[in-house]
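> build me a model from this:
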Amino acid sequence: MSVAASIPLRKPSPVEPFYCIIGHAGAGYHSKHYENRHREVLENALSLGASILRNGGTAQHAALMAGKFLEDADLCNAGYGSNLTLDGVVEGDALVLDEHCRSGAVGCIPSEYIQSSI
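Prediction:
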């Protein structure tokens, strides 16, 4: 089962841009038992990103903060709630790309060194 959500920020108009934030709760299997909690966490993360955009923030900042919110949630397979490696540790991966195609990434960073890979 995949849990995903999106929040449109405003009704489209001919003079204003239309924004949409889309997120997911991490890769892998998500129990039906926790589906409502997954949706709640996703909606909170996406609402955080939407709030940043509504208040003049950049899309990059909105995406980073929404991603960090999901990484901090114990329910998502990202950051704090990630599946463990064979060695029993959490490793994080993240990639950020801006509107100028500049990017930065980390991979296989053990959680003992960094709390949030984003």
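> phi, psi for Ile21 please.
With angles defined as degrees, to the nearest 10, Ile21 sits at phi -110, psi 130.
> so how many other residues sit close to it?
Neighbourhood size, Ile21 [other C-beta atoms under 10 Å]: 21. From N, CA and C alone the C-beta is placed, and that goes for glycine too.
> you'd agree it is up against Ile52?
No. Assessed by C-beta atoms under 8 Å, Ile21 is found out of contact with Ile52, at 9.6 Å.
> shared neighbours of those two, anything?
Listed contacts common to Ile21 and Ile52 are Ala62; contacts here mean C-beta atoms under 8 Å, 6 or more residues apart in numbering.
> next SSE downstream of whichever helix or strand Ala50 is part of?
Per DSSP states H and E: Ala50 is located in helix 35-54. Counting by DSSP H and E, the next helix or strand C-terminal to helix 35-54 is helix 59-72.
> so for that next one, what gets flagged as buried?
For helix 59-72, burial by neighbour count (16 or more other C-beta atoms under 10 Å) applies to 62-72.
> gap between that helix and the chain center?
Counting by C-alpha atoms, centre = their mean, to the nearest Å, helix 59-72 is centred 5 Å from the centre of its parent chain.
> downstream of that helix, the next helix or strand is which one?
Downstream of helix 59-72 (by DSSP H and E), the next one is strand 91-97.
> list the pairing partners of the helix or strand just after that following strand within its sheet, with orientation.
With elements assigned by DSSP H and E, the helix or strand that comes after strand 91-97 is strand 103-110. If you go by DSSP bridges, strand 103-110 pairs up with strand 91-97 (antiparallel).
> okay, the strand it pairs with in CSV with CA atoms only?
C-alpha atoms of strand 91-97 as CSV (Å, rounded to 0.1, in the frame of the first residue of the first chain):
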residue,chain,number,x,y,z
GLU,A,91,21.0,5.3,7.2
GLY,A,92,19.7,8.4,5.4
ASP,A,93,19.7,9.5,1.8
ALA,A,94,18.6,12.9,0.5
LEU,A,95,18.8,15.0,-2.6
VAL,A,96,17.9,18.6,-3.1
LEU,A,97,17.7,20.3,-6.5
